[in-house]
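Undergrad: missing the sequence, but the structure's below:
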């Protein structure tokens with residue numbers, strides 16, 4: 001194509017190919033930088049005893065801070081300072097990258113499957129700014145399907161066979177119309193307070209009229225994280241409670257013969 005050649009070896013199609021590859025490399029560089037706004041710099045065992053000189057970021061470097069405006073007001077800047085929480089755990093072996101082992105109660109300390117993210121300590125909201133997760137007692141216009149199962153009033157048992165309280169209310173997703181949590185009035189032996197428990201971890205028996213949580217013992221149930229307000233749940237509290245029940249399923253606990261079997 002001599003009419004369109006810049007030189008004998010360099011023509012317009014070749015120029016377009018080079019521009020495409022340069023654009024593509026620039027796009028990859030930009031996207032790899034943007035996805036480092038969360039989770040970076042990585043934590044490394046090698047930072048111990050090095051005065052923090054080991055900064056695991058990789059290539060490309062972290063992007064400059066950017067301010068995002070939230071839908072319901074306020075702003076958030078990312079990357080943001082880490083909301084560090086102390087881990088009550090130790091390395092299983094003395095080499096970098098070894099797994100950590102809980103030093104005390106892994107459910108209370110949020111270790112392993114019981115871990116949780118330091119999300120905003122504010123409630124999750126719908127598009128119109130109302131609470132997404134609400135107790136039914138505050139919204140009488142919601143009701144359970146008449147042909148469905150109603151757990152309110154049922155006794156609650158843990159995996160070691162102890163009765164720990166009764167279901168006092170249901171918390172629902174008011175945006176998508178399905179139950180999310182059981183509100184339980186715990187008896188004295190289980191702490192004597194109201195707690196919420198994820199319905200996904202509950203086994204509800206209509207025939208026997210009971211609710212059972214097979215991931216926690218009575219002692220563990222008495223330490224379920226409490227809410228700051230029994231009329232709303234924050235995103236951080238939600239992560240914390242779900243992690244607590246999930247951790248119970250992994251770490252287990254001492255049990256007596258199951259009285260419900």
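TA: Structure's in. What do you need? The structure displayed is predicted, hence computed values, not measured ones.
Undergrad: What is the distance between stretch 101-120 and the centre of its chain?
TA: Offset of stretch 101-120 from its chain centre (CA atoms, centre = their mean, to the nearest Å): 11 Å.
Undergrad: got a list of contacts for that stretch?
TA: By CB atoms under 8 Å, 6 or more residues apart in numbering, the surrounding residues in contact with stretch 101-120 are 83, 85, 87-92, 100, 220, 223, 234-236, 238-240, 242-244, 246-251. All C-beta atoms are positioned from the backbone trio N, CA, C, and that covers glycine.
Undergrad: Need the mean per-residue confidence for it.
TA: In this model, stretch 101-120 carries a mean pLDDT of 88.
Undergrad: Can you give me the end-to-end span of that stretch?
TA: Stretch 101-120 has an end-to-end distance of 27 Å (criterion: CA to CA, to the nearest Å).
Undergrad: and what of stretch 221-231?
TA: 21 Å.
Undergrad: repeat for stretch 209-224
TA: End-to-end for stretch 209-224, by CA to CA: 23 Å.
Undergrad: ditto for stretch 76-85
TA: 20 Å.
Undergrad: likewise stretch 227-236?
TA: End to end - CA to CA - stretch 227-236 spans 10 Å.
Undergrad: So what touches it?
TA: For stretch 227-236, with CB under 8 Å, 6+ apart as the criterion, the contacting residues are 116-124, 131, 133-135, 138, 171, 181, 183, 194-196, 237, 241.
Undergrad: re the thing from before, can you say which of the contacts of stretch 101-120 are buried?
TA: 89, 220, 234-236, 238-240, 242-244, 246-248, 251 (16 or more other CB atoms under 10 Å).
Undergrad: quick revisit: list the ones among the contacts of stretch 101-120 that fall in strands.
TA: 89-91, 100 (DSSP state E).
Undergrad: okay, among the residues you listed, which ones form the most distant pair?
TA: Across those, the longest distance by CB to CB is 8.1 Å; it joins 89 and 91.
Undergrad: where do the contact lists of the two overlap?
TA: Residues within reach of residue 89 and of residue 91 at once, by CB under 8 Å, 6+ apart, are 100-101.
Undergrad: Which helix or strand lies directly C-terminal to the lengthiest helix in the chain?
TA: Among the segments of the chain that qualify as a helix by DSSP state H, the longest is helix 12-34. Downstream of helix 12-34, the next assigned helix or strand under DSSP states H and E is strand 66-69.
Undergrad: Does that following strand pack against any helices or strands, and if so which?
TA: Applying 3 or more CB pairs under 8 Å, 6 or more residues apart in numbering; DSSP states H and E, one finds that strand 66-69 contacts strand 75-78.
Undergrad: Tell me where the stretch 151-261 of the chain has helices.
TA: 218-221, 235-251 (DSSP state H, counting those that start in this stretch).
Undergrad: Tell me who's in contact with residue 173.
TA: 132-133, 179-180.
Undergrad: so how far is residue 118 from it?
TA: Distance check for residue 173 against residue 118: by CB to CB, to the nearest Å, it reads 23 Å.
Undergrad: what's the answer for residue 66, then?
TA: Distance from residue 66 to residue 118, counting by CB to CB: 20 Å.
Undergrad: Count the residues that sit near residue 151.
TA: Using other CB atoms under 10 Å, residue 151 has 23 neighbouring residues.
Undergrad: what distance separates the longest strand belonging to the chain from the centre of its chain?
TA: Counting residues, the longest strand found in the chain (DSSP E) is strand 163-173. Put simply, strand 163-173 sits 21 Å off its chain's centre (CA atoms, centre = their mean).
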